[in-house]
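Trainee: curious how this folds, go ahead:
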Amino acid sequence: MAQYTLLDQTSRSVPEIWFEEHLSRSDLEHESLKSFSDSEVTQLKSYHRGEASADEAACALTRPITNSSIYPLGGYSDHSRALSQLWGLLIDALIEWPPGQTPSLIALLLAIKEAPGHIHAGEATDDEEKPLSWSNLPYFDRVWSDNHWMSPGQITRRCPDAATRELARNVYIKQQDVEAQLVAAQVFAEGTRALRYLVKTFEREPQPDDNLDAADDSLADSQIKLDFQIPAAAQWVKHCGQELYVSLLNNEMEGWDELPSPVSFDKPVERWSFWEKRLFAISRNGLDETTREAAELAVGYMKAVTDASGVKRSG
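Mentor: I've put the predicted structure just below:
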């Protein structure tokens, strides 16, 4: 699980110290990776300052890896080390920078997908031994998953006090907000992420033990932490709700009824109505003000989606 330090989320810019700290990293395994890292931070800084377009920055960020051979660092993942480092920098920015910067960072990722050439001069290959291109952002999804694998229950059992928990909660909500935007922009092509998140959040009732820290990660993984998940779910509805609702309404999503859930539905769109009612109840009876306000916000997003579709809401 990656460690993040959120910048001032109300700011419109990124302070110089953020770039300086990334330039001074000392945890790189090889000098070649250090040279890549310095160049990447510098190019990202230029992009943030408006000195380069997304296309220009994408070419500048990818060119060193495109033109270089795989450096033999002595491991089975040598072919992906430089890529993972680049993705790590961009993921740090996505999570830590103010939310107003997220669209420009996603635009940069989409521009990278169009970058010319093959990874490590064609030496890096896929499972079919074909040279990797930038078109599917190879290994980005893996690095993202490696950084964000913990569930709210697994996160909270590692928090020694309320202040640490609050910081972890803010990071988790920001990560889910960014992930929802990446899905909406089709950086992540897998189309059921929003559905899976909302099913897990809304279709299981919290249990008494969910208010406690679990004894191990296996037990913690199934815990419901509404003060984490309801604000995060609101972001999923905000960014992905329209497409998800249309898919459910028109029965266009394969496997919609195959996800683990204690609730049964005859039609896909019944899920949406169930979620809205559940959110409404939480907005009135949630245990804390933050969760109640987030639930009310999510209800507003859901109603806006339904109203835009022209379909009358039931109940």
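Trainee: how about the helices in the stretch 151-300 of the chain?
Mentor: 152-156, 162-184, 193-202, 217-220, 226-249, 269-285, 289-309 (DSSP state H, counting those that start in this stretch).
Trainee: where are the low-confidence patches of this protein?
Mentor: Along the chain, segments meeting pLDDT under 70 span 1, 26-30, 190, 311-315.
Trainee: residue 129 is nearest to which of the helices of the stretch 151-300 of the chain?
Mentor: Closest approach to residue 129 among these (Cβ to Cβ): helix 162-184, 28.6 Å. Yep, even glycine has a C-beta here, placed from its N, CA and C like the rest.
Trainee: how close does residue 146 sit to residue 282?
Mentor: Counting by Cβ to Cβ, to the nearest Å, the separation of residue 146 from residue 282 is 31 Å.
Trainee: circling back to that earlier point, for residue 139, find the nearest of the helices of the stretch 151-300 of the chain.
Mentor: Evaluated over the helices of the stretch 151-300 of the chain, closeness to residue 139 peaks at helix 162-184, with 14.7 Å, by Cβ to Cβ.
Trainee: buried ones in stretch 187-195?
Mentor: For stretch 187-195, burial by neighbour count (16 or more other Cβ atoms under 10 Å) applies to 187, 188, 191, 192, 193, 194, 195.
Trainee: what does stretch 60-80 give?
Mentor: Of the residues in stretch 60-80, 60, 61, 62, 64, 65, 66, 68, 70, 71, 78, 79, 80 count as buried by neighbour count, 16+ other Cβ under 10 Å.
Trainee: now the terminal residues of that stretch, how far apart.
Mentor: Separation of the first and last residues of stretch 60-80 by Cα to Cα, to the nearest Å is 19 Å.
Trainee: same thing with stretch 258-277?
Mentor: End-to-end distance of stretch 258-277 (Cα to Cα): 22 Å.
Trainee: list the contacts of it.
Mentor: If you take Cβ atoms under 8 Å, 6 or more residues apart in numbering as the criterion, stretch 258-277 is touched by 192, 195-196, 198-199, 202-205, 245, 247-249, 251, 253, 256-257, 299, 302-303, 306, 313-315.
Trainee: returning to what we had before: mind checking which of residue 146 and residue 282 has more residues around it?
Mentor: Neighbours per residue (other Cβ atoms under 10 Å) separate residue 146 from residue 282, with residue 282 holding more: 21 against 15.
Trainee: quick one: contacts for the more buried one?
Mentor: 226, 230, 291, 292, 295.
Trainee: distance of the residue nearest to the spatial centre of the chain from residue 36?
Mentor: In the chain, the centroid-proximal residue (Cα atoms, centre = their mean) is residue 179; its distance is 2.4 Å. According to Cβ to Cβ, residue 179 stands 26 Å off from residue 36.
Trainee: what do you get for residue 146?
Mentor: Between residue 146 and residue 36 the computed distance is 19 Å (Cβ to Cβ).
Trainee: repeat that for residue 308.
Mentor: In terms of Cβ to Cβ, residue 308 sits 45 Å off from residue 36.
Trainee: and residue 236, by the same measure?
Mentor: Residue 236 is 34 Å from residue 36, by Cβ to Cβ.
Trainee: those two: which has the busier surroundings?
Mentor: Between residue 236 and residue 36, counted using other Cβ under 10 Å, the more crowded position is residue 236 (27 against 23).
Trainee: show me what contacts the more buried one?
Mentor: 176, 180, 194, 197, 198.
Trainee: what residues go with each domain of this structure?
Mentor: Listed domain ranges for the chain are 16-146, 150-309 (source: automatic domain parsing).
Trainee: okay if I get the ones you listed as CSV plus distance to residue 10?
Mentor: Listed next are these as CSV, based on distance: least, Cβ to Cβ, whole Å:
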stretch, distance to residue 10
domain 16-146, 7
domain 150-309, 13
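Trainee: out of those domains, which is closest to residue 3?
Mentor: Using Cβ to Cβ, the domains of the chain put domain 150-309 closest to residue 3, at 8.7 Å.
Trainee: end-to-end on the closest one?
Mentor: Its start and end residues considered, domain 150-309 measures 35 Å (Cα to Cα).
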